[in-house]
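Student: Sequence first, predicted model second:
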Amino acid sequence: SYSEAWKHHKTVLKQFLAGFTSETSMSLALYTVLHKPLRDHIEQYIPLLTKLNEVLKEGSEKDVVTSAIKEYVKLESFIHQVLDEACFTKSLWESLGCKFTDMLCVPERRLLEDSKNLHISASTNRSDRILLFDDVLVLIQGNSFQSFDLKLVWVDENCSEKSAPGLYGLRIITPEETFFLSAKDLQIKAVWQWKLNQAVRQALNGKRDFPLWGQTGEGSEPPSCRFFTYVFRLEGKFKSASYEGEWHEGKPHGKGTLKWRDGRNHVGDFKEGLEHGFGICLVPRRSQDRYDCYKCHWYEGKMRGYGICEYGNDMVYKGYFKENVRQGFGILENLSAENPFKYTGQWENDKKNGYGVWEDKDRGERYIGTWLNDHKHGQGIVVTQSGVCYQRTFHADKMVGSGILLLEDDSVYEGNFTEDLTFVGKGKLSFANGFVLEGTFTNKLGQGLQTHGILNTSNEQLDDRITKAQLGLEEFPVEKRWKGIYDQFLEFIHSGCKEETEESFTGFHIQTSKELRKSQEYLFCQRGTEDVSWKIEDILEELVQHQGLESLQSYLEKALKSSLHPLGKLLKALTIAFQATYSGIGANRHLLTMAQEEVKYYAKKIWEFYQGLLHLALEQKGQLPAKCVDGETRYVDQKACSVVLPLILPCFYPELFMLYMLYHEREDDLYCQGIVDLSLFPDIKLLEFLDVQKHLWPLKDLTLTTNQRRSLIKDKCFLSATECLQKLITTVDPREKLVILQKTYEEIESTVSRVVEKDYKLPMDDLLPLLMYVVSRAKIQHLGAEIHLIRDLMDPTNQGGLYDFLLTALEVRKCFRVTAA
């Protein structure tokens with residue numbers, strides 16, 4: 001023989017075979033030398049031990065001998081079985097024919113059963129003969145055969161297919177084929193079933209059963225879940241692909257890896273033979289040596305739910321898929337240096353459709369509006385880096401009809417204009433000083449802008465309603481702007497908030513691409529390091545326990561800050577959408593109202609989703625949620641404003657306050673100039689200038705040092721109230737800002753009470769000048785923006801009363817402009 005074992009032990013073997021001639025059969029010689037002595041030894045020991053057992057008295061020694069006899073009997077049966085299988089297999093190779101023998105004969109392979117010996121037939125005449133080996137099941141028909149690796153064979157006796165009358169069937173399941181074996185006798189079926197299951201189990205274990213019928217208590221059924229590698233060969237989506245991973249009932253099921261010859265591969269979760277759950281798929285690009293990498297959720301073999309795709313052309317998509325195409329809310333960004341852009345908005349059938357925001361970084365422009373089949377289509381607002389803003393109707397990326405153009409110098413043009421913002425045709429140009437030019441505009445090469453029309457100079461300065469016109473309110477109703485985000489979270493609640501689908505609906509727990517790449521080896525998204533458990537069952541359980549106002553606020557604060565809680569994820573998605581619209585280039589005063597109503601609507605939707613989660617939690621506990629009553633909408637709005645809005649405002653405050661500052665920029669500039677002028681006044685001079693009654697002056701606070709005159713001391717009067725008011729800019733919560741205003745008022749009143757030496761309730765005529773004094777000393781730069789933000793976003797229940805008066809009083813700060821003038 002050419003095997004290594006023969007070569008290494010050649011000398012020893014020659015000694016064993018010394019008594020045999022060259023004419024002796026090699027197999028007989030090996031049997032005589034290696035096997036027969038062991039078999040004879042076992043056969044001699046069984047009667048010897050039996051005789052010994054007969055003479056021994058009952059006790060531990062007799063028990064040991066009895067046990068040894070049983071093991072020797074098992075070993076004898078095992079050897080007989082192995083030899084019988086060897087003879088059975090040898091006879092098969094001699095009778096089968098050269099063609100089949102050449103292809104099937106493997107030295108270590110043994111035949112376990114043959115349908116010629118124990119008759120059984122395959123369904124639909126697919127075979128003439130069935131051979132069960134210790135590693136494969138073979139079906140022979142005519143001159144061809146099929147073999148099935150036993151490691152990927154499942155035997156089902158409870159087959160649904162009805163056998164012909166008088167036949168008993170077994171269903172055989174393999175990765176790509178399912179067929180039936182039928183026997184006329186129930187006992188024959190039982191024998192085949194047992195032998196098939198035993199053969200499969202032994203193939204999976206990599207060793208034979210000992211004893212022959214298996215250990216006591218050991219199940220005869222092989223495991224239904226297995227781990228194996230298989231190459232698909234039949235037509236289908238997996239043709240020629242190699243799958244390595246978990247299997248169940250003949251199909252990929254669990255975690256696994258698919259690899260195709262063309263370079264594609266998919267790593268992730270499978271269910272009943274299809275990609276299902278989270279997976280990472282690499283698809284090579286034909287024209288370049290690069291890949292598209294999809295990291296997303298799959299449903300019954302197709303991408304569905306949230307995912308991230310890193311395309312080989314340096315584009316990245318983060319958003320939702322359905323039926324393998326982009327569908328719903330998503331963000332597409334081109335990261336390359338050539339033509340960088342970012343789209344945030346709605347997708348339908350793999351194209352931009354619906355409301356979306358497009359930022360062209362080369363042109364320094366942002367388009368906010370509607371899309372159709374990847375084109376700007378319908379109403380749209382364009383904001384430029386230079387501060388110019390216009391609203392037009394678009395048709396397939398082209399501007400049509402007239403529009404409104406708001407220039408940086410407060411001029412407003414209504415009419416037709418080109419993409420480079422040149423006036424053409426009939427139009428009306430309103431200047432900031434009140435002049436209005438109405439007529440026909442032309443722009444001839446080399447001659448500049450020309451007009452034929454009427455210039456009206458009789459008007460005074462343009463109204464704020466024109467210079468600060470707010471765009472997009474009617475064209476883009478707030479409830480339709482980010483419907484794609486809300487739909488996913490609503491569908492998640494309607495589906496019952498199942499843990500396994502949570503990331504599919506609400507997005508990955510981890511945010512960065514680097515973290516996602518790091519998690520690929522685990523085939524799932526890592527859960528982060530947060531102390532609080534945010535599993536869905538825990539969330540629903542905890543919701544029921546936090547229905548009181550204080551407890552609820554504390555719970556919502558934690559939930560909204562978490563990247564794992566569904567409400568926290570919703571807030572994160574809305575923050576991304578808000579920043580895509582109003583940050584950077586989008587910081588334009590003409591978008592303030594649009595942004596402000598959007599933030600309020602976010603609070604309303606978050607409250608509605610909280611209510612949806614709470615109702616689901618109560619239903620699961622068998623409790624009936626409270627039914628809707630009249631005034632439900634008003635209740636939702638009030639709760640959203642009082643409970644949710646203060647919690648989410650910090651996420652949107654930088655962009656939102658920037659819009660307020662831009663909107664109130666000019667009046668705040670005048671106010672600041674007035675503050676600068678008044679800051680030159682000593683305390684007494686300023687109190688006198690503001691007509692504060694002298695008996696209210698806190699002159700005792702003007703402590704003098706050597707060579708100081710009382711009339712020259714500054715920043716000493718009402719110091720505690722001034723310091724209190726200065727805290728206004730340290731918080732973003734309108735509730736806390738109102739509390740600071742109230743405390744400022746209380747500090748003023750306290751100081752006056754100390755001066756007059758009795759409790760003194762300030763009448764409005766006295767309070768106003770004192771408040772103006774404190775405001776002038778506090779030197780808050782953007783007070784106008786602060787006041788309007790508080791008034792717009794405050795809890796409606798706080799309207800009226802002291803808060804309203806204080807806000808109104810602060811708005812009268814315009815008196816400082818007189819000083820500035």
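Tutor: Sure thing, it's come through. Numbering: from 1, shown residues only.
Student: show me what contacts the most centrally placed residue in the chain?
Tutor: Centrality entry for the chain: nearest residue to the mean C-alpha point is residue 507, 1.4 Å, by CA atoms, centre = their mean. The neighbours of residue 507, taking CB atoms under 8 Å, 6 or more residues apart in numbering as the test, are 306, 569, 572-573. Every residue, glycine included, has its C-beta placed from N, CA and C.
Student: swap in residue 334?
Tutor: 314-315, 340-342.
Student: now it, which residues is it bridged with?
Tutor: Per DSSP bridges, the residues bridged to residue 334 are residue 315, residue 341.
Student: what's the pLDDT at it?
Tutor: What the model reports as pLDDT for residue 334 is 91.
Student: Most neighbours among the contacts of residue 507, please name it.
Tutor: In terms of neighbours by other CB atoms under 10 Å, the contacts of residue 507 top out with residue 569 at 28 neighbours.
Student: mind checking how far that residue is from residue 561?
Tutor: Between residue 569 and residue 561 the distance, using CB to CB, to the nearest Å, works out to 11 Å.
Student: got it, and residue 752?
Tutor: 42 Å.
Student: Between these two, point out the one with more neighbours.
Tutor: When residue 752 and residue 561 are compared on other CB under 10 Å, the one with more neighbours turns out to be residue 752, at 25 against 16.
Student: Just the pLDDT at the more buried one, thanks.
Tutor: Note for residue 752: predicted pLDDT of 89.
Student: just to confirm, which helix or strand has it in it?
Tutor: Taking DSSP states H and E as the definition, residue 752 sits inside helix 734-756.
Student: likewise residue 244?
Tutor: Here residue 244 is assigned to strand 242-248, by DSSP H and E.
Student: buried set for that strand?
Tutor: For strand 242-248, the neighbour count (16 or more other CB atoms under 10 Å) marks 243, 245-248 as buried.
Student: do the same with stretch 303-314
Tutor: 303-312.
Student: pLDDT averaged over it - what is it?
Tutor: The average pLDDT within stretch 303-314 is 91.
Student: Check the offset of that stretch from the chain's centre.
Tutor: 12 Å (CA atoms, centre = their mean, to the nearest Å).
Student: likewise stretch 674-684?
Tutor: Using CA atoms, centre = their mean, we find the averaged C-alpha position of stretch 674-684 to lie 55 Å away from the chain's own average C-alpha position.
Student: I figured residue 411 was touching residue 429, is that so?
Tutor: Yes: counting by CB atoms under 8 Å, a contact exists between residue 411 and residue 429, whose distance comes to 6.5 Å.
Student: Compare neighbour counts for those two and give me the winner.
Tutor: Neighbours per residue (other CB under 10 Å) separate residue 411 from residue 429, with residue 429 holding more: 21 against 18.
Student: host element of that one?
Tutor: Here residue 429, judged by DSSP H and E, is contained in strand 423-430.
Student: any residues touching that strand, and which ones?
Tutor: Outside of strand 423-430, the residues within contact range by CB under 8 Å, 6+ apart are 402, 411-418, 436-443, 449, 451, 462, 466.
Student: what's the neighbour count on the closest residue to residue 237 other than its chain neighbours?
Tutor: When the adjacent residues along the chain are set aside, residue 237 lies closest to residue 301, with 7.1 Å between them (CB to CB, 6 or more residues apart in numbering). Residue 301: 16 surrounding residues under other CB under 10 Å.
Student: so can I have a markdown table of the buried residues of strand 242-248 showing pLDDT?
Tutor: Formatted as a markdown table, the entries for the buried residues of strand 242-248 read as follows, by pLDDT from 0 to 100:
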| residue | pLDDT |
| --- | --- |
| 243 | 95 |
| 245 | 95 |
| 246 | 95 |
| 247 | 95 |
| 248 | 94 |
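Student: Closest to residue 31 out of those?
Tutor: Closest approach to residue 31 among the buried residues of strand 242-248 (CB to CB): residue 247, at 40.3 Å.
Student: Kind regards, and thank you for your time.
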